[in-house]
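[1] what follows is a predicted protein model with its sequence.
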Number of protein chains: 2
Amino acid sequence: MTYCVGLLLKEGMVLLSDTRTNAGLDNISCYKKMYTFEDPGERSIVILTAGSLSVTQTTMARLQEAIDDAEATEETSILKARTMLKVADIVGAHLAEVASDITMKLVRNSQATASATLILGGQRKGGAMRLFLIYPEGNYIEATPDTPFLQVGEHKYGKPILDRVVTPDTSLTDARKAALLSMDSTLRSNLSVGMPLDLAVIREGECRIHEQRRIEYGDPVFAEMSQAWSAALRDAFTQIRI
Amino acid sequence: MTYCVGLLLKEGMVLLSDTRTNAGLDNISCYKKMYTFEDPGERSIVILTAGSLSVTQTTMARLQEAIDDAEATEETSILKARTMLKVADIVGAHLAEVASDITMKLVRNSQATASATLILGGQRKGGAMRLFLIYPEGNYIEATPDTPFLQVGEHKYGKPILDRVVTPDTSLTDARKAALLSMDSTLRSNLSVGMPLDLAVIREGECRIHEQRRIEYGDPVFAEMSQAWSAALRDAFTQIRI
């Protein structure tokens, strides 16, 4: 499985993904699930992927091919599309087509199907930041001030902390922390989500990726945060009276 | 949906269930999911139910009928069975049979099936406390010192807190608090789990239900705990540096 989360704040966006991929429990690998597309200062786009690896890799490869195509237009390239809504349309169309192609191959020999779900966040110069969750069929929903975060994959373990602390007014620093703690709870309770992590932060209006980094297994800062959070939870637990 | 959790500690057992039942989102009702069977001082048994209401109610009714039967034996009555393992067998057999009967009725007219999953905890005089999770097919697993709690229903939201604080050495007071906080996280993040709650506490060796109470919607003690926990989490969140 997977856990990816995107947060849309007034100050910017935080996107976080794990890297564990498994085909059964005995075949575990590490694959990046975060893809970034950038024309610095003009637009920045981050996509997080959950689902069948063959679907997500092929979808991302086709998006990149369309960008690199010498005849790329605003109808085909997510770096040229006029709006983030159009970007979501292009991504959704590729996703649905790839999933459909692969499923057709699979059903010839088995009852298997393949699909994926994506989180898409980004901003183009002159437009608002937007954060979408794109369903396997290519349709999508969008984060709003009422629900300023979107999750895909193993979303339940890490939802309570987000529900409690994230609003559109949350600072980027706090949102980054909330995303990491949400991931920490998921890592701790579900083996199918694993380190390393990929983190991206976009500041409102910059149209470039402000911070992008991989948090490796054993990263001392993340480990310290995780231990501090455990200790803080246990302290809080001790102090509660009922 | 449902959330039920049972904890097996050296000091005793804590069992907690919600009461929300829904047939679709527009048909929500309140049904007790905790059933207690007791011969005080001799044995106490608590069953928590998740799944199709028609399966769980009929299963519980058949268990009660078997207890009330003038010809009840240690093979048929969970209040006479020689061991808790035998109790689990009897409960599992009824559960699987009822689910099978009801599914046969359903498939005549639709593709629907019906099933349920149970948590069973209890102790008979002279035996150890035991806590089981009984699957729809009637087979079961048992809590051990490595994994001293079992959950059914919407278990993911409330697992991180249990993973962090519950061990077999946890006191009954702390286990009760952990179960309530685990439920609180679930209530907060998932509408299909709802108040009131049913709580039961069994002390090791007593073979009677030490505490059994319903926590109603708006219960001031629970509300205070919930608010204190939210505040403590937010404080802990503020203090974490990353």
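    Perfect, thanks for sending it.
[2] ok now stretch A:142-161, how far from the chain's centre?
    Centroid displacement of stretch A:142-161 relative to its chain, using C-alpha atoms, centre = their mean, to the nearest Å, is 11 Å.
[3] for chain B, see how far away the spatially most central residue of chain A is.
    Compute the mean C-alpha point of chain A, and by C-alpha atoms, centre = their mean the closest residue is residue A:48, 3.2 Å away. Per C-beta to the nearest C-beta, to the nearest Å, residue A:48 is found 20 Å from chain B. Just so you know, the C-beta spots here come from the backbone N, C-alpha and C atoms, and that holds for glycine as well.
[4] enumerate the residues of chain A near chain B.
    Residues of chain A lying close to chain B by C-beta under 8 Å from any C-beta of the partner chain are A:154, A:156-157, A:159-161, A:163-165, A:174, A:176-178, A:180-181, A:185, A:188-190, A:221-222, A:224-225, A:228-230, A:232-237, A:239-242.
[5] mind checking which of these are in helices?
    The helices, defined by DSSP state H, take in A:159-161, A:163-165, A:174, A:176-178, A:180-181, A:185, A:188-189, A:221-222, A:224-225, A:228-230, A:232-237, A:239 from the residues of chain A next to chain B.
[6] hmm, back to that, ok, the residue nearest to the centre of chain A - contacts?
    Counting by C-beta atoms under 8 Å, 6 or more residues apart in numbering or on different chains, residue A:48 touches A:4-6, A:15-17, A:33-35, A:118-120, A:152.
[7] now, which of these sits nearest chain B?
    Checking these against chain B with C-beta to the nearest C-beta, the nearest one is residue A:16 at 12.2 Å.
[8] biggest separation within the contacts of residue A:48, which pair?
    Largest separation among the contacts of residue A:48 by C-beta to C-beta: A:5 and A:35, giving 15.6 Å.
[9] comparing these two, which residue is more hemmed in?
    The neighbour count for residue A:5 versus residue A:35, taken as other C-beta atoms under 10 Å in any protein chain shown, is higher for residue A:5 (27 against 22).
[10] excluding covalently adjacent residues, which one is nearest to the more buried one?
    The shortest distance from residue A:5 to any non-neighbouring residue, by C-beta to C-beta, 6 or more residues apart in numbering or on different chains, is to residue A:151 (4.8 Å).
[11] would you say the one you found is within a helix?
    No. Counting by DSSP: H, G, I helix; E, B strand; the rest coil, residue A:151 is not found in a helix; it is strand.
[12] who touches it in this structure?
    A:3-6, A:119, A:158-159, A:162.
[13] filter those residues down to the buried ones, ChimeraX style.
    To isolate the buried members of those in ChimeraX, using 16 or more other C-beta atoms under 10 Å in any protein chain shown:
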select /A:3,4,5,6,119,158,159,162
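[14] now, which of the contacts of residue A:151 sits nearest residue B:77?
    The closest of these, once distances to residue B:77 are taken by C-beta to C-beta, is residue A:159, at 42.9 Å.
[15] what segments of chain A are strands?
    Ranges of strands within chain A are A:3-8, A:12-17, A:20-22, A:28-30, A:34-39, A:43-51, A:116-124, A:130-134, A:140-142, A:149-153, A:197-203, A:209-215, based on DSSP state E.
[16] TSV for those strands, including mean pLDDT?
    Converted to TSV, those look like this (pLDDT from 0 to 100):
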stretch	mean pLDDT
strand A:3-8	98
strand A:12-17	98
strand A:20-22	86
strand A:28-30	87
strand A:34-39	97
strand A:43-51	97
strand A:116-124	98
strand A:130-134	97
strand A:140-142	96
strand A:149-153	97
strand A:197-203	98
strand A:209-215	97
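[17] among those strands, which comes closest to residue B:53?
    Of the strands of chain A, nearest to residue B:53 by C-beta to C-beta is strand A:149-153, at 30.0 Å.
[18] now the closest one against strand A:130-134, angle please.
    For strand A:149-153 against strand A:130-134, the angle by axes from the mean of the first three to the mean of the last three C-alpha atoms, to 10 degrees is 30 degrees.
[19] so what does the longest helix anywhere in chain A touch, helix or strand wise?
    Using DSSP H, we find that the single longest helix of chain A is helix A:84-109. Under the contact criterion of 3 or more C-beta pairs under 8 Å, 6 or more residues apart in numbering or on different chains; DSSP states H and E, helix A:84-109 touches helix A:53-68, strand A:116-124, strand A:130-134.
[20] residue A:97: which of the ones you listed is closest?
    helix A:53-68 (8.2 Å).
[21] can you pull the buried residues of the closest one?
    Within helix A:53-68, the residues scored as buried using 16+ other C-beta under 10 Å are A:53-60, A:62-63, A:66.
[22] cool, and stretch A:111-125?
    Buried, per 16+ other C-beta under 10 Å, within stretch A:111-125: A:114-124.
[23] so which of those comes closest to residue B:128?
    Nearest to residue B:128 among the buried residues of stretch A:111-125, counting by C-beta to C-beta, is residue A:117 at 45.5 Å.
[24] contacts only, for the closest one.
    Residues near residue A:117 by C-beta under 8 Å, 6+ apart: A:49-51, A:133-136, A:152-153.
[25] burial of the closest residue in space to residue A:54 that isn't next to it in sequence, as a residue count?
    Spatial nearest neighbour of residue A:54, chain neighbours left out: residue A:102 (5.7 Å); criterion: C-beta to C-beta, 6+ apart. Around residue A:102 there are 20 other residues, counting by other C-beta under 10 Å.
[26] can you check the one 4 residues further on too?
    Residues contacting residue A:106 under the criterion other C-beta under 10 Å number 15.
[27] could you check how far it is from residue B:179?
    According to C-beta to C-beta, to the nearest Å, residue A:106 and residue B:179 sit 43 Å apart.
[28] show me what counts as buried in the longest helix of chain A.
    For helix A:84-109, by 16+ other C-beta under 10 Å, it's A:84, A:87-92, A:94-96, A:98-100, A:102-103.
[29] taking strand A:43-51 as reference, get the angle to it.
    30 degrees.
[30] relative to residue A:196, how far out is residue A:214?
    5 Å.
[31] swap in residue A:153?
    Taken as C-beta to C-beta, the span from residue A:153 to residue A:196 is 16 Å.
[32] do residue A:182 as well
    Distance, residue A:182 to residue A:196, using C-beta to C-beta: 16 Å.
[33] between those two, tell me which one has more neighbours.
    When neighbours are counted by other C-beta under 10 Å, residue A:182 comes out ahead of the other of residue A:182 and residue A:196, with 27 against 19.
[34] you'd agree that one is up against residue A:165?
    No. Under the criterion of C-beta atoms under 8 Å, residue A:182 is not in contact with residue A:165, lying 9.4 Å apart.
[35] tell me the contacts of residue A:116?
    For residue A:116, the contact set (C-beta under 8 Å, 6+ apart) comprises A:49-52, A:55-56, A:59, A:95, A:99, A:136.
[36] so what's it closest to, chain neighbours aside?
    Leaving aside its sequence neighbours, residue A:116 sits nearest to residue A:51 (C-beta to C-beta, 6+ apart; 2.8 Å).
[37] contacting residues for that neighbour?
    Applying C-beta under 8 Å, 6+ apart, we find residue A:51 in contact with A:2, A:114-117, A:136.
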